[in-house]
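Visitor: okay, sequence plus prediction incoming.
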Amino acid sequence: MTRRAGDGSGLLGAYRAAVENLAAHVEEINALNVFPVPDGDTGSNMLATVRAALAEAEAVPDPTADRVAQAISFGALMGARGNSGVIASQIFRGMADGLGGKHHFNGPDLAHALTQGTATAYKAVAKPVEGTILTVIRESAAAAVVSAEAGGDLEDVLTAAVEGARQAVAKTPSMLPILRDAGVVDAGGEGLYRVMQGALQYLVSRTPRTALTEAPAAARISALVAHAEEGFGYETMFLLQSGGAPIDVDRLRDKLGKMGDSVLVAGDSRAVKVHVHNERPDNVIALGLTMGSLTRITVENLDAQSHEVREKRAAEIVGSPIDARARFGQHEGRPHVDLETYGAKAGKTEAGGSTSGGSNGSSGPNGSGEMPPAAEMVPLSVVAVAAGDGLARIFDSYGVAAVVRGGQMNNPSTGELLDAVEKIAAEEILLLPNNANVVLAARQAAELTTRRVRVVPTRNAAEGFAALLALDPGRDATANAEVMTLAGRAVQTLQVTEAVRDATLGGRKVKKGQTIVLDPDDGLLAAGSDRMKVVLAALDALDPGFELITIYYGEGADLAEAEAVASRIGAWRAGVEVEVIHGGQPHYRYLISAE
């Protein structure tokens with residue numbers, strides 16, 4: 001790899017140096033957490049993602065630039081952990097598309113690849129937020145293009161890209177008030193900067209021309225990506241296949257975006273899967289027919305489904321653990337995904353959107369690319385993510401087909417979620433991430449499989465339990481996903497932990513060691529030195545009318561302490577029933593639900 005051009009071996013060497021540089025700064029990035037909670041894991045998630053990509057790239061037998069880039073893209077896709085990791089994987093995917101077919105690449109090629117990476121990353125997020133990693137890749141790519149158009153060689157373009165990333169990271173606090181209040185920069189953007197910085201160090205054997213002033217240890221925006229758009233009206237889905245002329249995927253996506261919301265168009269010029277919410281499904285179908293032939297057409301009335309949720313929270317739907325497990329089904333096949341099948345998949349998937357259906361190109365649960373015989377399939381199964389032995393046991397008792405272990409500081413990867421989904425012998429699968437930082441990876445896994453998978457974007461285990469109580473095994477996954485999402489959000493939840501540093505949240509000062517209580521979106525509800533008073537203050541902030549409070553106690557608490565808390569709560573609010581259950585979740589002393 002020279003200052004003027006690069007090849008596959010040089011790209012691999014630069015990427016290896018990028019991973020090493022991120023690893024050297026991972027703890028600093030983890031410390032960049034807007035909220036002073038003990039689970040800052042943006043750096044760890046990004047590092048796990050890029051290491052998985054490096055392992056894939058190092059296994060490429062003929063390391064042309066194209067093949068190395070594709071391997072990085074595939075490895076990052078399957079190893080993506082957390083929102084930052086998923087978005088980084090989409091950046092690499094776009095860059096791989098930009099380098100497609102190239103054995104060597106120069107400065108303009110790199111600028112083009114960064115531009116493609118930006119476009120792909122923005123498409124992956126339903127509601128892009130500026131002041132995050134998205135802003136950093138966009139401004140980095142823009143700086144690279146300016147350098148390339150001025151005649152810059154590979155070193156010039158990469159130097160400009162790194163400088164653009166550095167400046168963008170420095171500006172993130174001015175773009176997000178939550179970062180400004182905390183006095184920090186965005187952690188995902190900082191992680192991307194360190195990746196690019198490492199690649200430049202490899203190329204020029206020196207540090208970038210301008211070093212980033214280290215931010216004070218304290219900015220990940222915890223809700224980097226807004227939750228799924230949950231529009232009502234009708235949900236229309238179909239598979240569109242080319243009738244001869246190639247499908248213009250971008251034109252189709254633009255037209256659907258004008259018709260409705262929650263738009264997902266996953267595919268290529270030969271076939272695409274379409275998902276959209278709007279008031280006129282006939283117009284959506286008519287548009288599809290102008291571009292090819294339609295199959296697997298479904299139209300669901302979401303308004304009618306949402307009306308049922310508060311009237312049908314029946315526990316008998318789930319029934320006994322044994323009966324529920326028999327209904328949901330379990331299977332121990334082994335999936336298989338390799339670089340060759342990924343070539344088809346990568347062109348047919350886009351992360352983001354709302355509840356996600358599968359796309360073409362993945363192998364089935366028996367590893368052969370074929371589904372089990374119909375006689376072995378059950379109609380509907382559930383896969384849930386859980387952090388903590390107690391929470392996992394509860395999901396198991398509800399009869400879910402598989403529990404994927406993971407949560408804060410241990411987000412499961414896209415590949416792990418895909419592995420769990422493809423082991424299940426069911427016609428349809430519901431996937432409950434039970435953590436806001438796992439939702440994007442869950443959607444990405446859903447889009448990589450041929451299985452019909454719907455993601456219910458639960459933000460914690462308590463929402464997951466409430467969602468399961470609304471499950472109706474007599475309805476399909478699409479209908480259940482909408483109702484279960486509403487059921488999960490109908491439960492009010494609190495997370496109790498201790499501040500790991502001094503901080504200011506929403507204009508309120510928090511001191512290290514104090515008890516803090518956060519809502520499901522990490523909003524601060526109460527803080528102070530007296531844990532019991534803080535918990536009661538947070539409960540006071542909830543909407544009134546609840547009749548049952550459940551305390552899931554985790555690491556740092558024991559049964560006796562949890563029972564004492566339950567007793568105080570019972571005395572505080574007469575007539576409210578209080579239950580205590582072992583959750584075993586890390587980092588959060590209590591997860592409390594009110595319904």
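Guide: Received it, and whenever you're ready, just let me know what you need. Numbering: from 1, shown residues only.
Visitor: so Phe546, which of the three states?
Guide: coil (DSSP: H, G, I helix; E, B strand; the rest coil).
Visitor: what about the helices in the stretch 51-200 of the chain?
Guide: 65-79, 82-98, 107-123, 133-149, 154-175, 177-182, 187-204 (DSSP state H, counting those that start in this stretch).
Visitor: tell me which of the ones you listed is the most buried.
Guide: Most buried of the helices of the stretch 51-200 of the chain, by mean neighbour count (mean count of other Cβ atoms under 10 Å): helix 82-98, with a mean of 28. To be clear about C-beta, it is placed using only N, CA and C from the backbone, and glycine gets the same treatment.
Visitor: what is that helix packed up against?
Guide: Applying 3 or more Cβ pairs under 8 Å, 6 or more residues apart in numbering; DSSP states H and E, we find helix 82-98 packed against helix 42-58, helix 65-79, helix 107-123, helix 133-149, helix 187-204, helix 339-346, helix 439-447.
Visitor: can you do 6 Å?
Guide: helix 42-58, helix 65-79, helix 107-123, helix 439-447 (3 or more Cβ pairs under 6 Å, 6 or more residues apart in numbering; DSSP states H and E).
Visitor: just to revisit the earlier point, nearest to Asp282, out of the helices of the stretch 51-200 of the chain?
Guide: Nearest to Asp282, of all the helices of the stretch 51-200 of the chain, is helix 107-123, at 26.7 Å by Cβ to Cβ.
Visitor: got the CA coordinates for that closest one in CSV?
Guide: What follows is helix 107-123, C-alpha atoms only, in CSV (Å, rounded to 0.1, in the frame of the first residue of the first chain):
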residue,chain,number,x,y,z
GLY,A,107,-7.9,8.4,-3.6
PRO,A,108,-11.1,9.0,-5.6
ASP,A,109,-12.1,5.3,-5.1
LEU,A,110,-11.7,5.7,-1.3
ALA,A,111,-13.8,8.9,-1.3
HIS,A,112,-16.5,7.2,-3.3
ALA,A,113,-16.5,4.2,-0.9
LEU,A,114,-16.9,6.5,2.1
THR,A,115,-19.8,8.2,0.3
GLN,A,116,-21.4,4.9,-0.3
GLY,A,117,-20.8,3.9,3.3
THR,A,118,-22.6,7.1,4.4
ALA,A,119,-25.6,6.5,2.3
THR,A,120,-26.0,2.9,3.4
ALA,A,121,-25.6,3.9,7.1
TYR,A,122,-28.3,6.6,6.8
LYS,A,123,-30.7,4.2,5.1
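Visitor: ok, back up a step: can you put the helices of the stretch 51-200 of the chain in JSON lines and add distance to Val272 and mean pLDDT?
Guide: Below are the helices of the stretch 51-200 of the chain laid out as JSON lines (distance: least, Cβ to Cβ, whole Å; pLDDT from 0 to 100):
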{"stretch": "helix 65-79", "distance to Val272": "19", "mean pLDDT": "93"}
{"stretch": "helix 82-98", "distance to Val272": "17", "mean pLDDT": "92"}
{"stretch": "helix 107-123", "distance to Val272": "14", "mean pLDDT": "93"}
{"stretch": "helix 133-149", "distance to Val272": "24", "mean pLDDT": "94"}
{"stretch": "helix 154-175", "distance to Val272": "32", "mean pLDDT": "93"}
{"stretch": "helix 177-182", "distance to Val272": "37", "mean pLDDT": "80"}
{"stretch": "helix 187-204", "distance to Val272": "29", "mean pLDDT": "94"}
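Visitor: need the ones you listed in TSV with distance to Val37, can you?
Guide: Formatted as TSV, those follow (distance: least, Cβ to Cβ, whole Å):
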stretch	distance to Val37
helix 65-79	25
helix 82-98	15
helix 107-123	26
helix 133-149	20
helix 154-175	19
helix 177-182	12
helix 187-204	13
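Visitor: nearest to Ala24, of those?
Guide: Per Cβ to Cβ, nearest to Ala24 of those: helix 187-204, 7.9 Å.
Visitor: could you point out which element follows the closest one?
Guide: Using DSSP states H and E, the next helix or strand after helix 187-204 towards the C-terminus is strand 234-242.
Visitor: so what's the residue most central in space within the chain scoring on pLDDT?
Guide: Nearest to the mean C-alpha position of the chain, by Cα atoms, centre = their mean, lies Leu440 at 1.9 Å. Looking at Leu440, its pLDDT stands at 90.
Visitor: is it true that it touches Gly82?
Guide: No - using Cβ atoms under 6 Å, Leu440 makes no contact with Gly82, being 7.9 Å away.
Visitor: leaving out the residues flanking it, which one is nearest to the residue nearest to the centre of the chain?
Guide: Distances taken as Cβ to Cβ, 6 or more residues apart in numbering put Val86 closest to Leu440, at 4.0 Å, once the chain neighbours are dropped.
Visitor: how near is that neighbour to Ala14?
Guide: As judged by Cβ to Cβ, to the nearest Å, Val86 and Ala14 stand 23 Å apart.
Visitor: now Leu471
Guide: 48 Å.
Visitor: those two: who's more crowded?
Guide: Using other Cβ atoms under 10 Å, the more surrounded residue of Leu471 and Ala14 is Leu471, with 27 against 20.
Visitor: kindly state the pLDDT recorded for the more buried one?
Guide: 93.
Visitor: and the one 5 residues further on, by the same measure?
Guide: We have a pLDDT of 93 for Asp476.
Visitor: tell me how many other residues crowd it.
Guide: If we define neighbours as other Cβ under 10 Å, then Asp476 has 16 of them.
Visitor: of the helices of the stretch 51-200 of the chain, which is nearest Val26?
Guide: helix 187-204 (8.3 Å).
Visitor: which elements pack onto that closest one?
Guide: Partner elements for helix 187-204 (3+ Cβ pairs under 6 Å, 6+ apart): helix 8-24, helix 26-31, helix 42-58, helix 133-149, helix 154-175.
Visitor: now that helix - C-alpha only, PDB.
Guide: What follows is helix 187-204, C-alpha atoms only, in PDB (Å, rounded to 0.1, in the frame of the first residue of the first chain):
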ATOM      1  CA  ALA A 187     -18.900   7.800  21.700                       C
ATOM      2  CA  GLY A 188     -19.900   6.100  18.500                       C
ATOM      3  CA  GLY A 189     -18.400   8.900  16.500                       C
ATOM      4  CA  GLU A 190     -15.300   8.800  18.500                       C
ATOM      5  CA  GLY A 191     -15.000   5.100  17.900                       C
ATOM      6  CA  LEU A 192     -15.300   5.600  14.100                       C
ATOM      7  CA  TYR A 193     -12.700   8.300  14.300                       C
ATOM      8  CA  ARG A 194     -10.300   5.900  16.100                       C
ATOM      9  CA  VAL A 195     -10.800   3.300  13.400                       C
ATOM     10  CA  MET A 196     -10.000   5.700  10.600                       C
ATOM     11  CA  GLN A 197      -7.100   7.100  12.600                       C
ATOM     12  CA  GLY A 198      -5.500   3.700  12.900                       C
ATOM     13  CA  ALA A 199      -5.800   3.100   9.100                       C
ATOM     14  CA  LEU A 200      -4.000   6.400   8.400                       C
ATOM     15  CA  GLN A 201      -1.300   5.600  10.900                       C
ATOM     16  CA  TYR A 202      -0.700   2.300   9.000                       C
ATOM     17  CA  LEU A 203      -0.500   4.200   5.700                       C
ATOM     18  CA  VAL A 204       1.900   7.000   6.700                       C
END
